[in-house]
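*Asks:* Provided below are the primary sequence and the corresponding predicted coordinates.
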Amino acid sequence: MTRAALLVCPASGKGRAARMAGSVAARLRTAVDRLDLHVASSSEGTAALARRAVDDGVDVLVVLGGDGGAHLGVQACAGTPTALAVVPAGTGNDLAAALGTTSVDDVVDALCARSTRALDLGRLGNGTWFATVLCAGFDSAVNERANGMRWPAGPRRYDLAIVAELAALRPEPLVVETEDERLEVDALLVAIGNTTSYGGGIPVCPDADAADGLFDITVVGAAPRRTLLRMLPTLRTGRHVDHPAVRTLRAKSVRLSGPSWVGYADGERMHGLPLPVECRSAALLAVTSIPSV
C-alpha cells in the first residue's frame, strides 16, 4: 500500500499551483492507494505541513509548487525513508527538471513504476539542506532581482535580471577552500552544484551528478564586461566552463568566504559568507523518471 501526501503551495506560479491542485490530486490518486491533501498558506505553513506529513510516515511527499516549495520538501524528507516528488508549478522548477518530472504525468508514471533514486544533498553549516545549486556573487544578485520582478513569468525573468545586473557587476575577493586546495581569487560568481542547473535551466555546473558524492564547483574570475557579454550565450549551453576566466573544481566539502557575498541555495536566500558546505551522499530518496546509473 502506497500512501502519499500532496503539499500544495498555492502562491507558486502566481496561483498556478492552486489552479492545478484538483487535477493533480485526481491524477495522483490513480497511482497511490491513499492521498492526503495539504494546502499551505505561507512558507512557514508549507514547512510545518511537510514535516508533519513526513513525521506521520507517508511513503511519498509530493510538492506542487516551485523551487521554494521543493526546497522546503527537501528539508522535511532529507535523511528519512519518505520519498520526495515534485510537480512543477513555479518559475525556475530546476529540481523537477533534475528529477525528470516536468509534469504530473511524469510523476504518476514514476510512481506506478516505483522509480526512485537516492540522491546526494548539500548541507550548510547551519543544518539547511539544498538539492540543486548554491551560488554567490553575480548569480545571487540575479536571484534577488528576479525574485522581486513581477514580469515576465518563467525563465525569461532570469534572463532579464542577468542583463539588468550586468551594469553593476564588480569582482569581489573570494576564497574557496576544499579538502584538497585553497583558491583565492577576485571573482564575479561562484556556484556549487549538486545538480547541473539553476535559474530556470541554466547549466552553470554542466557536469554535476547528484549521485556521485561530490560537488561540481564553477568559479568565474574577473573579466571585462565585454568579455562577459560574449560569454552569456554560452551559459545556456554549458560551454562557459571552457572560457579562460572560468575555473572548475570537484570536492566533497567546500568553505566559501568573502567580505560582501550573499549565498542562495535552491533559489532561496541563505545568508552572508563564510558558508561551509558538505555533500552528503544518498541523503534524499526522490521519485524520478531518470534511472540510476
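*Replies:* Nice, thanks for sending it over.
*Asks:* hey, let's count contacts and neighbours off CA atoms from now on
*Replies:* Fine.
*Asks:* Count the neighbours of Val254 for me.
*Replies:* 23 (other Cα atoms under 10 Å).
*Asks:* Parallel or antiparallel, list what pairs with whatever helix or strand it lives in.
*Replies:* In this structure, Val254 sits in strand 253-257 according to DSSP states H and E. According to DSSP bridges, strand 253-257 forms sheet pairs with strand 172-178 (antiparallel), strand 275-287 (antiparallel).
*Asks:* And the contacts of the longest one?
*Replies:* Contacts to strand 275-287, defined as Cα atoms under 8 Å, 6 or more residues apart in numbering, come from residues 74, 77-86, 99, 107, 110-111, 114-125, 194, 211-215, 252-257, 263.
*Asks:* Quickly note the distance from His243 to Val185.
*Replies:* From His243 over to Val185 the distance is 16 Å, taken as Cα to Cα, to the nearest Å.
*Asks:* The two - which one has more neighbours?
*Replies:* More neighbours surround Val185 than the other of His243 and Val185, with 17 against 12 (other Cα under 10 Å).
*Asks:* Check the more buried one and give its pLDDT.
*Replies:* pLDDT recorded at Val185 is 95.
*Asks:* coming back round to it: and among the strands paired with strand 253-257, the most buried is which?
*Replies:* strand 275-287 (a mean of 22; mean count of other Cα atoms under 10 Å).
*Asks:* okay, that one in CSV with CA atoms only?
*Replies:* C-alpha atoms of strand 275-287 as CSV (Å, rounded to 0.1, in the frame of the first residue of the first chain):
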residue,chain,number,x,y,z
LEU,A,275,29.5,29.4,4.2
PRO,A,276,30.7,25.9,5.0
VAL,A,277,29.0,23.3,2.8
GLU,A,278,29.3,19.5,2.7
CYS,A,279,28.0,17.0,0.2
ARG,A,280,26.0,14.2,1.9
SER,A,281,25.8,11.1,-0.2
ALA,A,282,22.4,9.4,-0.8
ALA,A,283,20.7,11.8,1.7
LEU,A,284,17.4,12.1,-0.2
LEU,A,285,15.1,9.4,-1.7
ALA,A,286,13.5,11.0,-4.8
VAL,A,287,10.8,10.0,-7.2
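*Asks:* thought Ala146 was touching Ala161?
*Replies:* Yes: if you go by Cα atoms under 8 Å, Ala146 and Ala161 touch, sitting 5.6 Å apart.
*Asks:* higher neighbour count, the two?
*Replies:* Ala146 (25 against 20).
*Asks:* list the helices and strands the strand or helix carrying the more buried one packs on?
*Replies:* Assigning secondary structure by DSSP H and E places Ala146 in helix 138-147. If you count contacts as 3 or more Cα pairs under 8 Å, 6 or more residues apart in numbering; DSSP states H and E, helix 138-147 packs onto helix 156-166, strand 182-193, strand 262-265.
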